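*Asks:* coords please:
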Amino acid sequence: MIGRASHTAALAPRPSLLQIRSSGLTLINAMGLPSSLRRFLALAAGSMVLMSCAKADGQWVELNPESPGTGPELPISGTVRHLRIEGGLFVIDAEDGARYNPLNLPAAFRVDGKQIEAVGRRRDDAVSIGMVGPIVELIRIRERRAGNPAGPVPGGLTGTSWQLEDLAGHGVVQGAEATLEFAEPGFAAGNGSCNRFRGPVTVSGGTIKFGALMSTKRACVDEAANAQETEYLAALAAAERWEIRDGVLLIYVAGRSRPLRFARS
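*Replies:* Residues are numbered from 1 along each chain as shown. Prediction:
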């Protein structure tokens, strides 16, 4: 009897390892499997769920990258391209002319010619077989479609306005408001302290460059405000890069050890 019971138990079917569902892949029982196979099954399940999420029209897919990074967020808008080098490599050709090499482009977006919007951070500490452009780790991504909700890519500057809180370590003059606005792509405007200004701006990833800023010619009644306006406009003309840290806009200027600091207005 004991031998028959053991034989019956040995012939009993093992529980199913995987169950396919419309929402993705669900692990049912992975006990007794090698750790490498369990990891593979977990990754497969994650990929299936991510691909399912990516099908939602115009919805952002949060990627939760391994490294939180320390640099500014890079808004990327462009086209996925497949390069036939080193066995195949997917890159993103951005509209600003840059080519990015993403470490974690999801499988659902690895389609040559797919139009995407993404937010990432540079990973200058990482290396890639194909040295085709800056390496980035993506934070979120979505397919770019005509029906996508209007508005800038998260992490960008278009549609934001700011008030100067510190002029490269020199503080600000009380009552002399200096502002900066990015109301439309490719242009910046604001109040210098006494006069309004407007001009072209190029924002590419974490870099920023202002063109010639035209301003009104109203005289400042306060000499300190006049000096602040002159210094502020000169700083914008020498701006090199930007980041938003804890909701504060920082613009780094050539030749200055401290950035311009702005609060959202």
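*Asks:* what's near enough to touch residue 94?
*Replies:* Shown in contact with residue 94 (Cβ atoms under 8 Å, 6 or more residues apart in numbering): 76-78, 100. (C-beta placed from N, C-alpha, C; glycine too.)
*Asks:* got a winner among those for most neighbours?
*Replies:* residue 76 (25 neighbours; other Cβ atoms under 10 Å).
*Asks:* can you list the weak-confidence ranges in this structure?
*Replies:* Counting by pLDDT under 70, the ranges of the chain that qualify are 1-58, 67-71, 86, 96, 129-130, 146-155.
*Asks:* domain assignment for it?
*Replies:* Here the domain parsing of the chain from automatic domain parsing is 17-54, 61-143, 160-264.
*Asks:* thought residue 79 was touching residue 109?
*Replies:* No: using Cβ atoms under 8 Å, residue 79 is not in contact with residue 109; the gap is 11.0 Å.
*Asks:* shared neighbours of those two, anything?
*Replies:* Joint contacts of residue 79 and residue 109 (Cβ under 8 Å, 6+ apart) are residue 116.
*Asks:* mind checking how far residue 106 is from residue 75?
*Replies:* Separation of residue 106 from residue 75 (Cβ to Cβ, to the nearest Å) stands at 18 Å.
*Asks:* The two - which one has more neighbours?
*Replies:* Set residue 106 next to residue 75 and count neighbours by other Cβ under 10 Å: residue 75 wins out with 22 against 17.
*Asks:* Do I have it right that that one meets residue 119?
*Replies:* Yes: at 5.8 Å, residue 75 and residue 119 qualify as touching, with contact defined as Cβ under 8 Å.
*Asks:* just the helices in the stretch 101-250 of the chain please.
*Replies:* If DSSP state H, counting those that start in this stretch is used as the criterion, the helices of the stretch 101-250 of the chain fall at 223-237.
*Asks:* which residue ranges form the strands in it?
*Replies:* 115-122, 135-143, 160-167, 179-184, 187-191, 196-204, 207-210, 214-215, 239-245, 248-253 (DSSP state E, counting those that start in this stretch).
*Asks:* So which of the ones you listed is nearest residue 83?
*Replies:* Closest to residue 83 of the strands of the stretch 101-250 of the chain, according to Cβ to Cβ: strand 135-143, at 14.2 Å.
*Asks:* Alpha carbons only: can I get the closest one in CSV?
*Replies:* Provided in CSV are the C-alpha atoms of strand 135-143 (Å, rounded to 0.1, in the frame of the first residue of the first chain):
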residue,chain,number,x,y,z
ILE,A,135,23.7,57.1,-23.0
VAL,A,136,20.4,57.8,-21.2
GLU,A,137,18.3,55.9,-18.8
LEU,A,138,14.6,56.5,-19.4
ILE,A,139,12.2,57.5,-16.6
ARG,A,140,9.0,57.4,-18.6
ILE,A,141,8.0,57.0,-22.2
ARG,A,142,4.9,57.1,-24.4
GLU,A,143,4.0,56.7,-28.1
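*Asks:* okay, the angle between that strand and strand 115-122?
*Replies:* 150 degrees (axes from the mean of the first three to the mean of the last three Cα atoms, to 10 degrees).
*Asks:* burial of residue 235, as a residue count?
*Replies:* By the criterion of other Cβ under 10 Å, residue 235 has 22 neighbours.
*Asks:* how far away is the closest residue to it other than its chain neighbours from residue 239?
*Replies:* Excluding the flanking residues, the one nearest residue 235 by Cβ to Cβ, 6 or more residues apart in numbering is residue 253, at 4.8 Å. Between residue 253 and residue 239 the distance is 5 Å, computed by Cβ to Cβ.
*Asks:* shared neighbours, these two?
*Replies:* In contact with both residue 253 and residue 239: residue 260, using Cβ under 8 Å, 6+ apart.
*Asks:* Next, count neighbours for the closest residue to residue 192 other than its chain neighbours.
*Replies:* Distances taken as Cβ to Cβ, 6+ apart place residue 229 nearest to residue 192, at 4.0 Å, with adjacent residues excluded. Residue 229 has 22 neighbours, counted by other Cβ under 10 Å.
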